[in-house]
Every structure is written in C-alpha cells, then in structure tokens.
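Colleague: Any chance you could fold what I've pasted below:
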Amino acid sequence: MIRVSGLTKIFEGGNKAIDDLSLKVKQGEILALLGPNGAGKTTTIRVLTTLSGFDKGEVEVAGFNVDSDPESVRCAIGLVAQKTGVDHFLSGRENLMLQGRLYRMNTADIESRITELAKYFELDDALDRTVMTYSGGMQRKLDIATALIHKPKVLFLDEPTLGLDIKSRQNLWRYINKLNKEQGLTILLTTHYLEEADHLSHRVAIINQGKIQIIDTPEALKNDIHGDAVILNFDSQGPETGDFTYAMHEDTEIKDVVWQNDKLHVYVDNGGSAVPKLVHLAKEKGLVIKSLSLSQPSLDDVFLKYTGTTLDEVGEEEGDEWWHQWAGKSGGGSKWQKNWGQWQDKIEASGTEAGKAGWQDKMQEWQNKDNSNQSEQANLADTENSQQPQDNKHNKGQQQATDKPPEPDKQQDWPQQPWSGKDPDDWQKWQQPDKDK
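Modeller: Coordinates of the predicted model:
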C-alpha cells in the first residue's frame, strides 16, 4: 500500500532530513514510525501525503505515484497532523460537511457519512456544538473523522494522541484498532509513546538521522536484545567508570553495553547471575552504585540501541493552545486575547451550555474595547501632530530632512496603520519580538 525507495529530502544548507530511506507498508497493516525529534518522521509523512517535494527516490501510495499523480494520492489518503486541522469556531457537523465539500462529495453522501462517523466515534450528542466546547479527546476524534469522510484507503496519523491524558489516549487506541480490524484500513503513525507503538502496531520502524535503522514486529525487536537489561547509576563519574565498562567486555555473558547520560545499560543472558558479578566488579573498581534495576528488554531499550537515546529523554513536542494559533504569537498579544484565554478556562471548567454559548459576545466585547483604545491613541497622535507649528519653512525643511519614520508601538502586535512598504516581505518584521526587552 506504501512503497518508498531511496527517498532523499535535502533542505537549504545541505541538511538531509531524509537520507536514502526505503520502506514498505502492506495493505491492512499498522506501522509505527519511531524516532527522536528531528529524525525525519514528520518530513517523511509530508512527502508521502504530497505536502512536500523531495530530491531523489520513488514514492507510491495506494498504487499512485506521489510525484506524477499527487491528486489521486490525495483522494486515496486521510491525514491527521500533529496540530488539529478542525475549525474551533464551527460545529462538529460543519467541520465534517466542509471536509466533504473539499472532496467534492454530494450532499446526500456527506450527510450519510457524517451520521455514520458521529455514531462510530460517539460524537452524536456533540455534533452541533462548536468545537471549542469539545474536550481534547473529542477534538482528536473529530480530527480523525474529518480525515475519514471520503473513505480513504490509507490513514496517516502524525502524533495522534499528543497532549492527551492517558484515559483519552487509550480510548483513541480503541478506535484506531477498530478502524484497522473492521475496515481493513492501512495506517502509518508516528508517536512518542512506546506503549502506543507496542499496543497498536504490527511492525515498528525506528528512524534516525533520516534513515530507517531497523524495522520488525515489536516482539521481534525486543527479543533481538537477548536476556535481561540491567541499568546502573553510579554515585560519581570518572576514569574508574571507563575501567569498569572496559572490564565488562571480557565477560561472555554480557551481550551489549550502552551509556545513556549517567546511566549504564547492560544487556545480559541471565540477570540473576549477572547482577552479583556487576556489583563485585564495581566495588573492585572503586565505584559506588547509586541505583540498580533489572528488567526484560523493552522497546525503549531497542530505541536506545539504534538512536543513542530513549524516548523518555526525547519527550513530547508541545504545540500552542489552539486559540494562540489564531489570536497571534507575538508574545503577549492584545488584552482581548488574554481575556479570551481566561474566559476559555472558565467555560471549560464550568461546562455550562449558557457559558459556552456566550463566548462570542464576550470575545466581541473585548475586541471592540481593544479596537476602541487603539482608535483613541491614533486620534490623539493626529491631534498632537496638527498642533505643531507649520509656518517656519526652515524648521519644516529641517524636520523633513532629519526626522525618521515613527517607531511602531511595541505594545501592539501590528502597526497602527497598514504596512505600506515596497518590500512584500517587510510585514514579517512586525511579527518579530522586541529583542531589546
């Protein structure tokens, strides 16, 4: 269903985000793509979904060539990106209807599909409410529903449960499993949660520095690291730790040794017999063991082996709150934006329909006040300028020669008047934070 051969994507400066990547995903399979931040996961998804070009290689999705037939690819796939793609000011039904229109579906088919998806994702009661009143889990379910409106053959999920609590996350796993088993949907997902990859995927691919390092079933990957995993943490680091590590390589029972910051991961055939030996060797080398743990290898150990780090160390990439995405990102924003954030917290906490229904009036009130204050400041500035002496030609000429354009009000996100510079990229300068503060 997905075939990638020799894929290479090079950004400006020569950075290879994807480096000769090859990958195959079978029909009806769930493949989890794991990797550190910047490993190339999202870039790979963007190429496969026709959102980004590439420099070399061949890519086919659902039987269509991404490079020569991107429109057919788009009709055959659904995409759920890291950040939600639904409109928070529309209802759930309106979002689904809009998505159906974009795929040029007829009204009867869209309405039938909306009813089907709302029932499937248990969104019936919330379908005609604005999305901003939805919980995080409900928003994510709606996100997936919009990606399924046109019955795609392949579904791409880029960090589908990012930012959700564990209960909402597990609930979403249930829906993803159902989609795969009941509808035979092929799914490629990226995730930072090892339990998610272990629970959902038929195979796991670990990507690092734009290359697939290993790909296999979760069980096979864990079994590849034979025996047990012993994790040691010492009281201090010094030359003696190097001696300790070197001495361990002489023991045939020790299969592998990997350092992760100040922790030493030792993989052995039998942890019960190996631990006393390790404790004795540490004492012999003058080391004090601060902590020691024994367990069977996990996907985190596999990840550490192929990337040099763990997913706990990688952590999540957190995005802005949804209302920050439309309210402005210039560091602080206007008063109505701040008030809107407080108001959103209140309606989420209360959950009352009256409170949720009144958000528009409140938002408009704050925005009007903010606009009114800006108009008063502009009028005051015009009045002061008109009162300046105009009859001294020498002073007037000197003023024209020496005065610079007025500095923009640093407290505002945008200039008081529309930007009229000749360079079309100059407007971006107004978005830059004041570095002198």
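Colleague: Just give the number of residues close to residue 173.
Modeller: As a burial measure, the neighbour count of residue 173 was computed by other CB atoms under 10 Å and equals 17. All C-beta spots, glycine's among them, are computed from the backbone N, C-alpha and C.
Colleague: elements contacting the helix or strand hosting it?
Modeller: Applying DSSP states H and E as the criterion places residue 173 in helix 166-183. Helix 166-183 sits against helix 136-148, strand 186-190, helix 194-200, with contacts defined as 3 or more CB pairs under 8 Å, 6 or more residues apart in numbering; DSSP states H and E.
Colleague: The residue nearest the centre of the chain in helix, strand or coil?
Modeller: What sits nearest the mean C-alpha location of the chain, by CA atoms, centre = their mean, is residue 82, with 3.8 Å. Using DSSP: H, G, I helix; E, B strand; the rest coil as the criterion, the local structure at residue 82 reads coil.
Colleague: Mind listing what's buried along stretch 278-290?
Modeller: By neighbour count, and taking 16 or more other CB atoms under 10 Å as the criterion, the buried residues in stretch 278-290 are 278, 281-282, 285, 287.
Colleague: and the end-to-end length of it?
Modeller: The distance separating the two terminal residues of stretch 278-290, taken as CA to CA, to the nearest Å, comes to 13 Å.
Colleague: what does stretch 79-92 give?
Modeller: Terminal residues of stretch 79-92 are spaced 17 Å apart (CA to CA).
Colleague: Make sure residue 287 is actually in contact with residue 240.
Modeller: Yes - with contacts defined as CB atoms under 8 Å, residue 287 counts as touching residue 240 at a distance of 5.6 Å.
Colleague: and for the two, which residues touch both?
Modeller: Common neighbours of residue 287 and residue 240, using CB atoms under 8 Å, 6 or more residues apart in numbering, do not exist here.
Colleague: what about the strands in this protein?
Modeller: Remark: strands of the chain, listed N- to C-terminal, are 2-10, 16-25, 30-34, 56-61, 64-65, 77-80, 154-158, 186-190, 203-208, 211-216, 228-234, 254-260, 263-268, 289-295; assignment by DSSP state E.
Colleague: tell me the domain boundaries of this structure?
Modeller: Residue ranges of the domains in the chain are recorded as 2-220, 226-296, 323-371, according to automatic domain parsing.
Colleague: Which one of those lies nearest to residue 309?
Modeller: With CB to CB as the criterion, residue 309 lies closest to domain 2-220 of the domains of the chain, at 5.8 Å.
Colleague: So what would you say the end-to-end distance of that closest one is?
Modeller: The stretch domain 2-220 measures 22 Å between its terminal residues, going by CA to CA.
Colleague: what's the distance between residue 79 and residue 5?
Modeller: Taking CB to CB, to the nearest Å as the measure, residue 79 and residue 5 are separated by 22 Å.
Colleague: Please say which of the two ends up with more neighbours.
Modeller: Taking residue 79 and residue 5 together and counting by other CB under 10 Å, residue 79 has the greater number of neighbours (21 against 14).
Colleague: ok now do the more buried one, which residues does it touch?
Modeller: If a contact means CB under 8 Å, 6+ apart, then residue 79 has 45, 49, 51, 147, 155-156, 158 as its contacts.
Colleague: same deal with residue 30?
Modeller: With contact taken as CB under 8 Å, 6+ apart, residue 30 is in contact with 176, 180, 186-189, 200-203.
Colleague: Quick check: the gap between it and residue 178.
Modeller: 12 Å.
Colleague: quick one on the thing from earlier: okay if I get the helices and strands packed on helix 166-183 as CSV plus mean pLDDT, distance to residue 55 and mean neighbour count?
Modeller: Formatted as CSV, the entries for the helices and strands packed on helix 166-183 read as follows, by pLDDT from 0 to 100; distance: least, CB to CB, whole Å; neighbours: other CB atoms under 10 Å:
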stretch, mean pLDDT, distance to residue 55, mean neighbour count
helix 136-148, 94, 28, 21
strand 186-190, 96, 21, 24
helix 194-200, 90, 29, 19
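Colleague: Of all the ones you listed, which one is nearest residue 14?
Modeller: strand 186-190 (24.6 Å).
Colleague: If I take that closest one and strand 16-25, what angle do their directions form?
Modeller: Between the direction of strand 186-190 and that of strand 16-25, the angle (axes from the mean of the first three to the mean of the last three CA atoms, to 10 degrees) works out to 150 degrees.
Colleague: could you check the angle strand 30-34 makes with strand 186-190?
Modeller: Here strand 186-190 runs at an angle of 20 degrees relative to strand 30-34 (the same axes, to 10 degrees).
Colleague: what residues does strand 186-190 touch?
Modeller: 1-2, 25-35, 41-42, 45, 48, 153-160, 176, 179-180, 196, 200-201.
Colleague: Export stretch 301-311 to CSV, keeping only CA atoms.
Modeller: Taking C-alpha atoms only, stretch 301-311 is exported to CSV below (Å, rounded to 0.1, in the frame of the first residue of the first chain):
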residue,chain,number,x,y,z
ASP,A,301,16.0,-0.4,25.0
VAL,A,302,15.6,-1.1,21.3
PHE,A,303,15.2,2.7,20.7
LEU,A,304,18.3,3.4,22.8
LYS,A,305,20.3,0.8,20.9
TYR,A,306,19.6,2.4,17.5
THR,A,307,19.4,6.1,18.3
GLY,A,308,21.6,6.5,21.4
THR,A,309,18.8,8.0,23.5
THR,A,310,15.5,7.0,25.0
LEU,A,311,12.0,8.3,24.2
